[in-house]
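Asks: can't give you the sequence, but here's the structure:
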RNA sequence: CGGGGUGUACCUCAGUGGUAGAGGGGUAGCUUUGGGAGCUACCAGUCGCGGGUUCGAAUCCCGCCACCCCGACCA
């Protein structure tokens, strides 16, 4: 009941699980462990969630890891989650770094309203098509209490019905282009390079923590330019920023490419993307950068006067990454013991666990631990000493592992005597002693090493699951035997693209920026000469 | 929207018509502390909601609701 909360109780009736009964009989407790099978996970502290091994059930593993790592909890609102401090800390770290990159390339932050007049969304034909089905709508601005069956409830006050409803933004192009129309008049007003950090809402049919939630956090950049080339350059610049960011900060290797028309953002002329491979071989679209052409400028009639005194429609880009990246981090690096975070986005990169038996040991150990913490804080690291009295060290190890802390430092009587510490890496569990004297250099170096190793490990895992196929049958077989990314020929028609999807459930993830030459390949379906080499894979 | 499931304590669940349970958790105390500590006591539930059947319903019947998982659609 964690998540059904009050809404459920509001009214109605009830009874027994009719539906459950009808279909019943089927394997009662076959799974027999937490959450598997179909029991709705509720709120828990994360302290006692059993983590299903990846090999047993990958998507259950993912759900277990995000909860055991205390990244999120289910909210009492359909498809929505609470991002807990350990998860929000990742978002903040990621935000800090990306924001710096945006500023360094000339962008500024701004904020636009959550609510968008309904008519705005209708102005760009493809855009409406793309988003209309998943919008939440605000229809009233006031509630009133009413008596119903002897109970007092709240209902929208009919008198407060809005003349024009508002849409809760699924993305802000329309609002932003409305405003750009007011701000852009001359070539001197261009380029206009804005970004906003915001929440958006898309009423998705099926949600998954971080990967797809009804409400999510993201940044959306919206730029306006005088020429096509400039707008395209901007689109590509951002794509490079996204790639570098994912690889350097999240330790997620990505491939850059272009989406096919069927996967293109509604309203874009071209959608560029970065795709990452998760440990189960599926692809995760991790960021998109759209070349919008003049579509929104035309829909909102945004023109400028060029140096020759003529009026032209402006050229545009938009781009974004979301809290989905957190799901990508989890699925790329974590293991059967729980979360594994790259040091650069870990809310807590280092935890110190003191170990002692007697009172006099405790005193010496705590003094030592404080010394260690001071050294690390001095070099700019966030550190925590886990001085909880009621837990034994083993229990603390267990907990910090599940929370993904990259480096654990153990400090016990032996370490006091040796004037050193024991360090234990989360990513590979390597344990090594370190002298106190060298900590200021060794710990940051070790964290960098972990960061690099995680990226390389992820890259190696991706390469291992990447291959080439020549026919549809071969693709289907290979995907069945070993889910992954398969390069193959595509003749460029929507028909063969759709056929592949129908047969294999895999889609064209992208036409890679590098290596999309047909190279003599044939289309998997039609057998005609390929126009491109593309990457086929199952995707989230 | 199709298919499959689940709603009982903070969590995971057991409970086929007769006093509401277990394990974990939390609180307090004592003993512990180099990989999930032990003992004692305590805390904790309108059994998702509304009806019905019955002397009696968590349990049987009817009607709902919510959530989770798998698809289709999307970041």
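Replies: That came through, no problem. Keep in mind the model is a prediction, meaning the values are calculated, not measured.
Asks: Which secondary structure element of chain A has the lowest mean pLDDT?
Replies: helix A:18-22 (a mean of 28; mean pLDDT, DSSP states H and E).
Asks: packing partners for the helix or strand just after that one?
Replies: Moving toward the C-terminus from helix A:18-22, the next helix or strand (DSSP states H and E) is helix A:58-68. The helices and strands touching helix A:58-68, judged by 3 or more C-beta pairs under 8 Å, 6 or more residues apart in numbering; DSSP states H and E, are helix A:324-333. C-beta here means a position set from N, CA and C on the backbone, and glycine is covered the same way.
Asks: The helix or strand following the helix it packs on - contacts with which helices or strands?
Replies: Past helix A:324-333, further along toward the C-terminus, the next helix or strand under DSSP H and E is strand A:350-354. When contacts are defined as 3+ C-beta pairs under 8 Å, 6+ apart, strand A:350-354 sits against helix A:359-378, strand A:383-385, helix A:393-402, strand A:407-411.
Asks: Try it again at 10 Å.
Replies: helix A:359-378, strand A:383-385, helix A:393-402, strand A:407-411, strand A:420-425, helix A:439-464 (3 or more C-beta pairs under 10 Å, 6 or more residues apart in numbering; DSSP states H and E).
Asks: To RNA strand B, which of the ones you listed lies closest?
Replies: Of all the helices and strands packed on strand A:350-354, helix A:393-402 sits nearest to RNA strand B, with 2.4 Å by C-beta to the nearest atom of the strand.
Asks: quick one, the closest one and strand A:350-354 angle?
Replies: Relative orientation of helix A:393-402 versus strand A:350-354 (axes from the mean of the first three to the mean of the last three C-alpha atoms, to 10 degrees): 170 degrees.
Asks: residues in the stretch 201-350 of chain A within reach of RNA strand B, list them.
Replies: Residues of the stretch 201-350 of chain A lying close to RNA strand B by C-beta under 7 Å from any atom of the strand are A:202, A:204-209, A:211-214, A:216, A:262-263, A:265, A:285, A:288, A:320, A:322-324, A:337.
Asks: What ranges in chain A fall below the confidence cut-off?
Replies: Applying pLDDT under 70 to chain A flags residues A:1-49, A:147-152.
Asks: what residue is smack in the middle of it?
Replies: Centre of chain A computed as the mean C-alpha position; nearest residue by C-alpha atoms, centre = their mean is residue A:324, 1.5 Å away.
Asks: Now that that one has come up, it's in contact with residue A:202, right?
Replies: No. Counting by C-beta atoms under 10 Å, residue A:324 stays clear of residue A:202, with 11.8 Å between them.
Asks: Need the overlap of contacts for the two.
Replies: Common neighbours of residue A:324 and residue A:202, counting by C-beta atoms under 10 Å, 6 or more residues apart in numbering, are A:212-213, A:216.
Asks: could you redo these as CSV and give each row distance to residue A:164 and secondary structure?
Replies: As requested, the shared contacts of residue A:324 and residue A:202 are exported to CSV (distance: C-beta to C-beta, whole Å; DSSP: H, G, I helix; E, B strand; the rest coil):
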residue, distance to residue A:164, secondary structure
A:212, 29, strand
A:213, 28, coil
A:216, 26, strand
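Asks: Might you report the residue contacts of the closest residue to residue A:339 other than its chain neighbours?
Replies: Computed as C-beta to C-beta, 6 or more residues apart in numbering, the closest residue to residue A:339 that is not its neighbour in sequence is residue A:404, at 3.1 Å. Applying C-beta under 10 Å, 6+ apart, we find residue A:404 in contact with A:65, A:68-71, A:86, A:90, A:329-330, A:333-334, A:337-342, A:345-348, A:426-427.
Asks: if we go to 8 Å?
Replies: A:69, A:86, A:334, A:338-341, A:346, A:426 (C-beta atoms under 8 Å, 6 or more residues apart in numbering).
Asks: Name the stretch among the helices and strands packed on strand A:350-354 that sits most buried.
Replies: Neighbour counts (mean count of other C-beta atoms under 10 Å) averaged over each of the helices and strands packed on strand A:350-354 peak at strand A:407-411, with a mean of 24.
Asks: now the angle from it to helix A:359-378?
Replies: Here strand A:407-411 runs at 140 degrees with respect to helix A:359-378, directions being taken by the same axes, to 10 degrees.
Asks: what does the helix or strand just after strand A:407-411 contact?
Replies: The helix or strand immediately downstream of strand A:407-411 is helix A:413-418, counting by DSSP H and E. Contacts to helix A:413-418, defined as C-beta under 8 Å, 6+ apart, come from residues A:355-357, A:361, A:364-365, A:368, A:421-422, A:433, A:435.
Asks: was I right about residue A:265 contacting residue A:271?
Replies: Yes. Using C-beta atoms under 8 Å, residue A:265 is in contact with residue A:271, at 4.8 Å.
Asks: Can you check which residues contact both of the two?
Replies: With C-beta under 8 Å, 6+ apart, residue A:265 and residue A:271 have common neighbours A:259, A:288, A:290.
Asks: what's the first one sitting at in phi/psi?
Replies: This points to residue A:259. Backbone geometry at residue A:259, expressed as degrees, to the nearest 10, gives phi -80, psi 150.
Asks: my guess is it meets residue A:510, correct?
Replies: Yes. Using C-beta under 8 Å, residue A:259 is in contact with residue A:510, at 6.2 Å.
Asks: of these two, who's got more company?
Replies: The neighbour count for residue A:259 versus residue A:510, taken as other C-beta atoms under 10 Å, is higher for residue A:510 (26 against 22).
Asks: Please give me every residue in contact with that one.
Replies: Counting by C-beta under 8 Å, 6+ apart, the residues that residue A:510 touches are A:255-259, A:273, A:275, A:534-535.
Asks: gap between residue A:89 and RNA strand B?
Replies: Remark: distance between residue A:89 and RNA strand B (C-beta to the nearest atom of the strand, to the nearest Å) = 19 Å.
Asks: element containing that residue?
Replies: Short version, using DSSP H and E: residue A:89 is in helix A:85-104.
Asks: Run through the neighbouring helices and strands of that helix.
Replies: strand A:192-201, strand A:215-225, helix A:228-248, helix A:324-333.
Asks: which helices and strands does the longest one pack with?
Replies: Helix A:228-248 is packed against helix A:85-104, strand A:215-225, strand A:254-258, strand A:270-277, strand A:283-293, strand A:315-322, with contacts defined by 3+ C-beta pairs under 8 Å, 6+ apart.
Asks: One more pass at 6 Å, please.
Replies: Counting contacts by 3 or more C-beta pairs under 6 Å, 6 or more residues apart in numbering; DSSP states H and E, helix A:228-248 is packed against strand A:254-258, strand A:270-277, strand A:283-293, strand A:315-322.
Asks: what do you get for the second one?
Replies: For strand A:215-225, the contact count by 3+ C-beta pairs under 6 Å, 6+ apart identifies strand A:192-201, strand A:315-322 as packing neighbours.
Asks: Which stretch among those strands is buried most, on average?
Replies: Counting by mean count of other C-beta under 10 Å, strand A:315-322 has the highest mean neighbour count of these, with a mean of 26.
Asks: neighbouring contacts of it?
Replies: A:216, A:218-225, A:228, A:231, A:234-235, A:238, A:287, A:289-292, A:294, A:296 (C-beta atoms under 6 Å, 6 or more residues apart in numbering).
Asks: Good, we can wrap up now.
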